[in-house]
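Visitor: The following block contains a protein sequence and its predicted model.
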2 protein chains.
Amino acid sequence: MEQKTSTAIDLKETAELLRGNDNFVIICHASPDGDTLGGAYALCGALQKLQKRAKVLVPEAPSKRFDYLQSGIEKQEFDEDFVITVDVADSALLGCLEDQYKSPDLCIDHHVSNTGYAKKLLLDSDAAAACEVVYELIKTLGSDIINADIAACLYTGISTDTGCFRFSNTTAKSHRITAELIEYGFDCSGLSYLLFDMRTQERIELERKALESVEFHFGGRCAMITLTSTMLNAADDEDINAISSLPRQIDGVEAGVTFKEKEAGIWKVSIRTKNYMNAQIICAKFGGGGHQRAAGCRITRNIEECKAMILTEIERHI
Amino acid sequence: MEQKTSTAIDLKETAELLRGNDNFVIICHASPDGDTLGGAYALCGALQKLQKRAKVLVPEAPSKRFDYLQSGIEKQEFDEDFVITVDVADSALLGCLEDQYKSPDLCIDHHVSNTGYAKKLLLDSDAAAACEVVYELIKTLGSDIINADIAACLYTGISTDTGCFRFSNTTAKSHRITAELIEYGFDCSGLSYLLFDMRTQERIELERKALESVEFHFGGRCAMITLTSTMLNAADDEDINAISSLPRQIDGVEAGVTFKEKEAGIWKVSIRTKNYMNAQIICAKFGGGGHQRAAGCRITRNIEECKAMILTEIERHI
C-alpha cells in the first residue's frame, strides 16, 4: 500500500511556494461544484495577475451556470510545471484526471478527511469552504490582487458550500470574508439569482413531477420522492441535487428519501436525516455509505421492492 | 389635510430618548414579517435588560414560525407612556392599531418612503433591514446588551429582508453585522432552516398544484401560475409569498404572473418582472400599483377573461 503523507504548510509557506514556481495547472474534483470551481478560477486569476502562467483543469464539464467564473481568466497554453488541487479531499475524486495527477505538488482544502495524497497540503478544516482558504492565500500573496472577477469566484464557493449561509458550517468568518468580497463590486445579487433562484423550465417540470411523487410513511416522519430515468434525462446535476434535499425539508420529516433511476431498474437511493437517525447505518445494509445525516446506496430491484426494503430498515430506527 | 413631519434624530439622540423614558409599547406593521417582528422583539428585550418596562403589539397574528422571537421576553403589564413603531413606513400599515397609535413618539425605519407620521424618526434608508438600524441603536445604548436571544431576533430581520443575503439590498454591512450576531451563539443554522427551508405538508401540496398550473406565453418570456381559493385556504401568508416569486425565477422569464383567488371570482394579480418590464404600468391599467419590478392589481372576472386581459397588456411591453 502506498504511503500517503502530505507535508502540512501554512499560508506564508504556501505563498512562498507559489511565488517560487510557474506554469501552474489547477485541478478541480469530479462532479465539480461552486467551491472547487470558484477556488480554482480565483487562484488562477490571482496567479495570472502575478505574471505567472496558470490554467484550470476540470475532470467533468461543469453546469453551464458556472460559465461566468472564467470571465477574468486569460486562456494560456504551456507545459505544466506545478500541479495544484483545490477542494479535493482524495485523489480518487479527480475522476478521469486521477491517473495523471494523483500526486500533485500542492493541495488546498478544507476537508478534515483529506487523505494527504499531495506533496504539500494547505488545510483549514474550520473553513466553511475551500474558497475561504484560497481567499486567505491570495491576501497573503498580496493586498492588491483581488478584483471583482476574483471576488465573484470566491463568493461562489463560500455561498454554495454554506447553502447561501444557511448550513451549520457557516461561521462569522464566512460572513466577514463575504463582506469584504462584496466591496470589490461584483454583481452579488445577480450571481445569487443564478446560483440559488434561477430555475430552468426543465427544472420546473422535474420539481412538479417530484412533488407529485411525494409519499409519506410512519405518520409523516419519512417522506419519499421517486425520479425515474425519463424524468432525470432532461435535468442537470445541480437541479437533481437541489430536489434531493426536498423530502427532508418537510416539517415533521426525520428521514427524507430520494429514489433516482440511474439506468432502467437500477435505483440510486439517497437518504437524508434531520435530527437523530443515522442514514449511514441504513445505507450500509445495502452496501452503501456516507455520513450520519446524508448517505446513499444502490439497489437493483423494481421500485416497489426497493421502497419496501428501505422502509423496513427505516422502521427499525425511526 | 394633516401635516406630517417627523423630527429626524440620530442614534445618540434616540438612545438618550429611550434612556429618559419608560413603559414602552413597540408596534409592528400588519402582515408582520421577520424584520418588523425581529426588530420589535430585539428592542423590547434590550429595553427590558435596561430595567425598563416594554412590550410588543402586533396588529395581526404572525406566522407560527416566528414564535421563538419571544423566548427572551418577559411578559409585562403596565400603562403605556411611550410608543415606538419599527419598520412601519406609514401609519396606514398599522392595520387595526392605526386609530390608536397613528402618532407614535418614535419610528425606527429603513424605508426611504417613510411618510413622517411619527413625532421623531430614526431612519437609515441605506440599511437593508430595520433590524440593522435596531442593531446599531442597541449597540449605542450599551456594548453589553445584546445576548443570544436578541441576536436571533436581529438575524431574523436581516436574513429575511435580504432574502437570505440574496437580494440586491444586501450590503457588506449586512454581512458584517451578521458576523457579529453569530458570535453571540444563537442557533443560526437551526433558525435558517425554520425561516428558509422548512416546508409544511400543506406548502408541499400548494407548490405541487402551483407547478401543475404553470403556463408559458410569448416564447417563455411570460410565466403564469394560478392559485384558486380552495388551494389557498390551507396555506399561510409566508408560503403564498414564496410561491408568488416562483414564475419570475424561471430561466428566460421576464414577466412572472400569479393569480390568487381571494374570494370566488375575485382575482388578486401579482406581476413580478426581471430586467426591463415595468410591472407598475400594467397593474395601473387595472387600478393597481406597486413598483417597477413588483406590482399588483385586482380583477373581478372569470379566470380565463382575467388572464386574457393581463396577457393583452403584457404583450405591449414584453
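Guide: It's in.
Visitor: show me where the stretch 201-318 of chain A has strands.
Guide: Counting by DSSP state E, counting those that start in this stretch, the stretch 201-318 of chain A has strands at residues A:215-217, A:222-227, A:255-263, A:266-273, A:289-290, A:294-300.
Visitor: what does chain A have sitting close to chain B?
Guide: Counting by Cβ under 8 Å from any Cβ of the partner chain, chain A comes close to chain B at A:159, A:164-168, A:170-173, A:175-176, A:178-180, A:182-183, A:188-189, A:192-193, A:196-201, A:204, A:207-208, A:211-212, A:214, A:216, A:220, A:246, A:249-252. Where you see a C-beta, it was placed from the backbone N, CA and C, and this is true even at glycine.
Visitor: Quick one: buried ones out of those residues?
Guide: When the residues of chain A next to chain B are checked for burial by 16 or more other Cβ atoms under 10 Å in any protein chain shown, the buried set is A:159, A:164-167, A:170-173, A:175-176, A:178-180, A:182, A:188-189, A:192-193, A:196-201, A:204, A:207-208, A:211, A:214, A:216, A:246, A:249-250.
Visitor: From the geometric centre of chain A, which residue sits farthest away?
Guide: Taking Cα atoms, centre = their mean, the residue of chain A most remote from its mean C-alpha position is A:Gly219, at 33.2 Å.
Visitor: Let's see which of the buried ones among the residues of chain A next to chain B end up in strands.
Guide: A:Phe216 (DSSP state E).
Visitor: if I look at A:Leu181, how far off is B:Gly289?
Guide: To B:Gly289, A:Leu181 is 37 Å away according to Cβ to Cβ, to the nearest Å.
Visitor: actually A:Val88, sorry about that
Guide: Distance, A:Val88 to B:Gly289, by Cβ to Cβ: 53 Å.
Visitor: just A:Asp79 next, same as before
Guide: 64 Å.
Visitor: Between the two, which has more neighbouring residues?
Guide: B:Gly289 (11 against 7; other Cβ atoms under 10 Å in any protein chain shown).
Visitor: Any figure for the gap between the most centrally placed residue in chain A and chain B?
Guide: Centre of chain A computed as the mean C-alpha position; nearest residue by Cα atoms, centre = their mean is A:Asp33, 4.1 Å away. In this view, A:Asp33 and chain B are 18 Å apart by Cβ to the nearest Cβ, to the nearest Å.
Visitor: A:Thr160 too?
Guide: Per Cβ to the nearest Cβ, A:Thr160 is found 12 Å from chain B.
Visitor: And that residue, what's its pLDDT?
Guide: What the model reports for A:Thr160 is a pLDDT of 95.
Visitor: what sits against it?
Guide: Contact partners of A:Thr160, counting by Cβ atoms under 8 Å, 6 or more residues apart in numbering or on different chains, are A:33-35, A:38, A:129, A:195.
Visitor: same deal with A:Gln76?
Guide: Taking Cβ under 8 Å, 6+ apart, we find A:Gln76 in contact with A:48, A:53-55.
Visitor: would you turn the contacts of A:Thr160 into CSV with pLDDT?
Guide: Listed next are those as CSV, based on pLDDT from 0 to 100:
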residue, pLDDT
A:Asp33, 93
A:Gly34, 96
A:Asp35, 97
A:Gly38, 98
A:Ala129, 97
A:Leu195, 93
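Visitor: Which pair of those spans the longest distance?
Guide: Using Cβ to Cβ, the pair of these lying farthest apart is A:Ala129 and A:Leu195, separated by 13.1 Å.
Visitor: who's more crowded, those two?
Guide: The neighbour comparison of A:Ala129 against A:Leu195 (other Cβ under 10 Å) goes to A:Ala129, with 30 against 19.
Visitor: now that we're looking at the more buried one, how far away is B:Thr160 from it?
Guide: In this view, A:Ala129 and B:Thr160 are 24 Å apart by Cβ to Cβ.
Visitor: Kindly report the same for A:Lys173.
Guide: Distance, A:Lys173 to B:Thr160, using Cβ to Cβ: 23 Å.
Visitor: Any buried residues in the helix or strand hosting A:Leu17, and which?
Guide: Assigned by DSSP states H and E, A:Leu17 belongs to helix A:11-19. Using 16+ other Cβ under 10 Å as the test for burial, helix A:11-19 gives A:11, A:14-15, A:17-18.
Visitor: closest to chain B among the residues you listed?
Guide: Ranked by distance to chain B (Cβ to the nearest Cβ), the buried residues of helix A:11-19 are led by A:Leu11 at 20.5 Å.
Visitor: so who does the residue nearest to that closest one when sequence neighbours are not counted touch?
Guide: Spatial nearest neighbour of A:Leu11, chain neighbours left out: A:Thr140 (4.5 Å); criterion: Cβ to Cβ, 6 or more residues apart in numbering or on different chains. Contact partners of A:Thr140, counting by Cβ under 8 Å, 6+ apart, are A:11-12, A:14-15.
Visitor: In which helix or strand does A:Thr140 reside?
Guide: Per DSSP H and E: helix A:130-141 holds A:Thr140.
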